[in-house]
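Q: What would the 3D arrangement of this be:
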Amino acid sequence: MPTPAATIAPARRLRGRLTVPGDKSIAHRYALLGALAEGRSTLTHFSPGADCRSTLACLRALGVEVDEGSDGTVILLGRGLGQLRSPAGPLDAGNSGTTMRLLAGVLAGHPFSATMIGDSSLSRRPMRRVIAPLERMGARFEAVDGRPPLTVHGTRLHAIAHEPETPSAQVKSAVLLAGLHAEGTTSVREPAATRDHTERALAAFGGRAVTDGLTVSVTGGQRLHGRALRVPGDFSSAAFWLVAAAATPGSRIEVDDVGLNPTRTALLGVLERFGARVQVDVRTTDAGEPRGSVTVEGDRMGTLDIAPAEVPGLIDELPALAALAAHGGQVTVRGATELRVKESDRIAALVAGFRALGVNAEELADGYIIAGPAAGSTRPSGGRADARGDHRMAMAFAIAALAAEGPSTIVGSDVVAVSYPGFFETLDRLVVPLDGLGSP
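A: The predicted model follows:
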């Protein structure tokens, strides 16, 4: 069977107003906490992506009643803390590292064994940073060189104080979820702040997480209660449209009903540094999550240097930011070795894909330098870039390809279904095409 591919034509600019799918990070957490809560939870605007469907499938296998509506509504009948059932077979997390890592924390506190599996990409991703603290809490794990398949032997847990060397919202969340099942108070102190959706979601379900600077703690045995919650639009999905607008002078994109959690929106300040005009309107806060609209207008081009201290707050947006350089300017990222253990080695994949599109790109050990069209050209030549099974690569290459002289091909484009099934259809709607190939 041939590999699916998308053809991207050059664009003059992008203009339009849109909404984006429900936030993937928040949807995972609402589903997991809804399963641990007592009573019914109704989650609207749930993420349509395959990753969150993997979480729902795993919860069903653990005895949770889940009803998915055609309108993006998910209803879960929670079983209560520590009351999930032993699964009849392996739990398939698909491509979702978030599913596997967060569910590991939940399963660690249940008195049964369960094996989690994933696709070929997930099976290469490291799990030791989750395994180590959960084993300190009393659980046992079996893995293949620290990678999936991952078997969790759950047990009665005891609290720990965990201080990871590398900031990771997934690791923090796994430990906090395990902490709900532990005796005592479990804490995580990170070297840098990461997204705090788990802490906010806990409060929404009637629980409590205490934050003191970079330390977050939970007390075991909290009772959670089912809730009716709406998932805000995914800022990391919106990032591709905001970058596309910033990259092309004359563009204007407005994204409505998008999550504006301050631990997620560092990108907006970066786009202003690049030269874009950015307007933010926070309209409401629901379940602790601010939401509203963001408008970005392209103006002048600049040079961006992303320092290591900025990386934790931009980790999912870095592929989108790289696409800025295809349209002019230069983007340098350092201190981002975490990118090498995502759905793909995102440093190697980005550099290879941008070079294939006619963009200057240099791979660094901990990042990359993307520096505009190849020498002697005013626009990238275009070409054929391989997404390597990574949804963010596919979307980043599509935004970069808009700057090319001619049509480009994104190989493996169907992987966008992991987080944003309608991405390419939305792109077609927003693009103002060139009058002719290569002529502005």
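Q: Do a quick rundown of the helices in this protein.
A: Per DSSP state H, the chain carries helices over the ranges 24-36, 50-61, 97-107, 128-136, 169-179, 197-204, 235-247, 266-274, 318-322, 346-356, 391-401, 423-430.
Q: got the angle between the fifth one and helix 97-107?
A: I take that to be helix 169-179. If you take axes from the mean of the first three to the mean of the last three C-alpha atoms, to 10 degrees, helix 169-179 sits at 20 degrees to helix 97-107.
Q: how about helix 169-179: buried residues?
A: Using 16 or more other C-beta atoms under 10 Å as the test for burial, helix 169-179 gives 169, 170, 171, 172, 173, 174, 175, 176, 177, 178, 179. All C-beta atoms are positioned from the backbone trio N, CA, C, and that covers glycine.
Q: Relative to residue 297, which of the helices of the chain is closest?
A: helix 235-247 (6.5 Å; C-beta to C-beta).
Q: ok, back up a step: out of the buried residues of helix 169-179, flag the one nearest to residue 234.
A: The nearest member of the buried residues of helix 169-179 to residue 234, counting by C-beta to C-beta, is residue 169 at 14.6 Å.
Q: Once you drop chain neighbours, what's closest to that closest one?
A: The shortest distance from residue 169 to any non-neighbouring residue, by C-beta to C-beta, 6 or more residues apart in numbering, is to residue 194 (4.0 Å).
Q: How many residues are close by that neighbour?
A: The number of residues packed near residue 194 is 25, by other C-beta atoms under 10 Å.
Q: residue contacts, it?
A: 167, 168, 169, 172, 263, 312, 313 (C-beta atoms under 8 Å, 6 or more residues apart in numbering).
Q: For stretch 152-163, list every residue counted as buried.
A: Neighbour counts over stretch 152-163 (16+ other C-beta under 10 Å) mark 152, 153, 154, 155, 157, 159, 160, 162 as buried.
Q: what about the closest residue to the fourth one other than its chain neighbours, neighbour count?
A: Of all residues not flanking residue 155 in the chain, residue 138 sits nearest, at 5.1 Å (C-beta to C-beta, 6+ apart). Residue 138 sits with 18 neighbouring residues when counted by other C-beta under 10 Å.
Q: Verify the contact between residue 138 and residue 157 for me.
A: Yes: using C-beta atoms under 8 Å, residue 138 is in contact with residue 157, at 4.9 Å.
Q: shared neighbours of these two, anything?
A: Both residue 138 and residue 157 are in contact with residue 108, where contact means C-beta under 8 Å, 6+ apart.
Q: Tell me which residues of stretch 373-389 come out buried.
A: By 16+ other C-beta under 10 Å, the buried positions in stretch 373-389 come out as 373, 379, 380, 382, 383, 385, 386, 387, 388, 389.
Q: List the contacts of the residue at minimal distance from the centre of the chain.
A: By C-alpha atoms, centre = their mean, the chain has its centre lying nearest to residue 316, at 5.5 Å. Counting by C-beta under 8 Å, 6+ apart, residue 316 touches 236, 239, 392.
Q: can you rerun that using 7 Å?
A: Contacts for residue 316 were tallied using C-beta atoms under 7 Å, 6 or more residues apart in numbering; they are residue 236.
Q: how far away is it from residue 170?
A: Taking C-beta to C-beta, to the nearest Å as the measure, residue 316 falls 11 Å from residue 170.
Q: pLDDT value on the closest residue to residue 427 other than its chain neighbours, please?
A: Nearest residue to residue 427, sequence neighbours excluded (C-beta to C-beta, 6+ apart): residue 398, at 6.2 Å. Residue 398 is assigned 97 on the pLDDT scale.
Q: My read is that residue 398 contacts residue 410, right?
A: Yes: using C-beta atoms under 7 Å, residue 398 is in contact with residue 410, at 5.7 Å.
Q: Have a look at those two and say which one is more surrounded.
A: When neighbours are counted by other C-beta under 10 Å, residue 410 comes out ahead of the other of residue 398 and residue 410, with 28 against 23.
Q: thinking that one is in contact with residue 385, fair?
A: Yes: between residue 410 and residue 385 there is a contact under C-beta under 7 Å: 5.7 Å.
Q: do you know how far the residue nearest to the centre of the chain is from residue 263?
A: For residue 316, the distance to residue 263 equals 12 Å [C-beta to C-beta].
Q: Quick one: residues contacting residue 220.
A: The contact partners of residue 220, taken as C-beta under 7 Å, 6+ apart, are 159, 179, 180, 181, 182, 183, 184.
Q: 8 Å instead, please
A: 157, 159, 179, 180, 181, 182, 183, 184, 185, 186.
Q: buried subset of those?
A: Counted by 16+ other C-beta under 10 Å, these give 157, 159, 179, 180, 181, 182, 186 as buried.
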